[in-house]
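> sharing a model prediction with you, sequence too.
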Amino acid sequence: MNKSKTKFVILGLLSEEALTGYEIKKIVDMRFGFFWNESYGQLYPELKRLAQKELISASKPKEGSARGKTRYFITQKGISALEIWLSEPVETESVRLEILLKMYFSNGIKPEIMKKHITEFSISHQKQLDMLNMFQQQLLSVEDLHSNHGDILSVIDFGQKVYKAYIDWCEETTIYLESRDEK
C-alpha cells in the first residue's frame, strides 16, 4: 500500500526550521528535485491536514500586512510522527524511465531516433549532475549548519552516482546503436 509521503516531506523540513508553503516548495525543488517532487496542489492541502491533526501549527500573518505569509512549525506530535515513520521499513521503490521502455521496443525503428532520445536524456542528466556537483561543493565549503550535514552529502553522493550511471549507459548504448546501424 503506497501512501503519500508528502506529509513526511513537510514534517522533515519543518523539523529543521519554520517555513512557509512557498519556501517548502522551493526547498523540495532545489534540494530534492533529483529524487522527489511535490506540487503546490499536494503541499497546501497536506499543510491544512497536518494542522488539523495538530502535527504542525501555523502562525497567521499580522492584520494589515500587505502580503502576509503563514509560517508553519512542527509540533511535538509532529516530531513523534516523523520519528515513527523514520523507524518503519522503506517501501519497495518503483522506477519508471520512458527512455528504457522506448529502448526495449526500438528494434523496429532507425537507430538514429533512439540515439537522439538518448542524447537528450544524457544532456538532461548531465545538467542535473552538474547541479549536484555544485551543491556538493557549496556544502563542503561551509560549516555544518544542521546536524544532518553529512546525511545531506550522502544523498547528494547517491544522486551523483545515479546520474553518472545514466550518462555511462547513454554512452554505451549509443555505441551499441551505432553498431546496430552498421548492420
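Great, that's in hand. Residues are numbered from 1 along each chain as shown.

> C-alpha from now on. contacts and neighbour counts both.
Fine.

> so where's the chain uncertain?
For the chain, the stretches with pLDDT under 70 are 1-2, 62-68, 144-146, 183.

> quick one: buried residues of the top helix by length along it?
In the chain, assigned by DSSP state H, the helix with the most residues is helix 149-182. By 16 or more other CA atoms under 10 Å, the buried positions in helix 149-182 come out as 153, 155-156, 159-160, 163-164, 166-167, 170, 173-174, 177.

> closest one of these to Pro89?
Val155 (18.0 Å; CA to CA).

> that closest one and Arg31, how far apart?
As for Val155, its distance to Arg31 is 10 Å (criterion: CA to CA, to the nearest Å).

> I'd say Ile99 and Lys116 touch.
No: under the criterion of CA atoms under 8 Å, Ile99 makes no contact with Lys116, lying 10.9 Å away.

> overlap in contacts of those two?
Shared contacts of Ile99 and Lys116, defined by CA atoms under 8 Å, 6 or more residues apart in numbering, are absent.

> mind listing the helices for the protein?
Ranges of helices in the chain, per DSSP H, are 6-16, 21-32, 40-52, 76-87, 98-104, 111-140, 149-182.
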